[in-house]
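> Have a look at this fold, sequence not included:
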């Protein structure tokens, strides 16, 4: 909602006739940042859901909250110089990778239980709980 309101505000500020793309660089930056965030959101939801369901809910929820904060930082950085958005983008990629690896670990654990009877769920939860605070390091 914040991103959409920024696009609407910038659109009205540049041209009072609504959502016409007047060619303003400020409007283009806001619009592009909003589109980038919108395109990344389905991937985020998929890996967040899988990581929470298949591996551990607490580290997945922590990573999800961090991702939302990082996307906010990316969006605000995109409004300035384009180079200001790069740290938020890279940080977001790292969080998505963490959630993806949590999902893969959960799937591998399921197959280990199914085929070999070995359950590593407690070990995986301990590792992910220990690694998730490391996501705070830029």
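Arrived safely, thanks for sending. The shown structure was predicted, so the numbers you read here are calculated from the model rather than taken from an experiment.
> Next one: residue 125 from residue 111, what distance?
17 Å (CB to CB, to the nearest Å). Bear in mind the C-beta positions are built from the backbone N, C-alpha and C, glycine included.
> quick one, which of those two is more surrounded?
More crowded of residue 125 and residue 111, by other CB atoms under 10 Å: residue 125, with 19 against 9.
> Could you count how many residues lie near the nearest residue to that one once chain neighbours are set aside?
Among residues not flanking residue 125 along the chain, residue 56 sits closest, at 4.5 Å (CB to CB, 6 or more residues apart in numbering). Neighbour count for residue 56, taken as other CB under 10 Å: 22.
> Next up, the contacts around residue 56.
Neighbour list for residue 56: 102, 124, 125, 128, 129 [criterion: CB atoms under 8 Å, 6 or more residues apart in numbering].
> Just give me the residue right at the centre of this protein.
Nearest to the geometric centre of the chain sits residue 67, at 4.0 Å (CA atoms, centre = their mean).
> how much space between it and residue 57?
In terms of CB to CB, residue 67 sits 15 Å off from residue 57.
> Can you list the low-confidence ranges for this structure?
The model of the chain has pLDDT under 70 over residues 1-4, 6-24, 81-83, 138.
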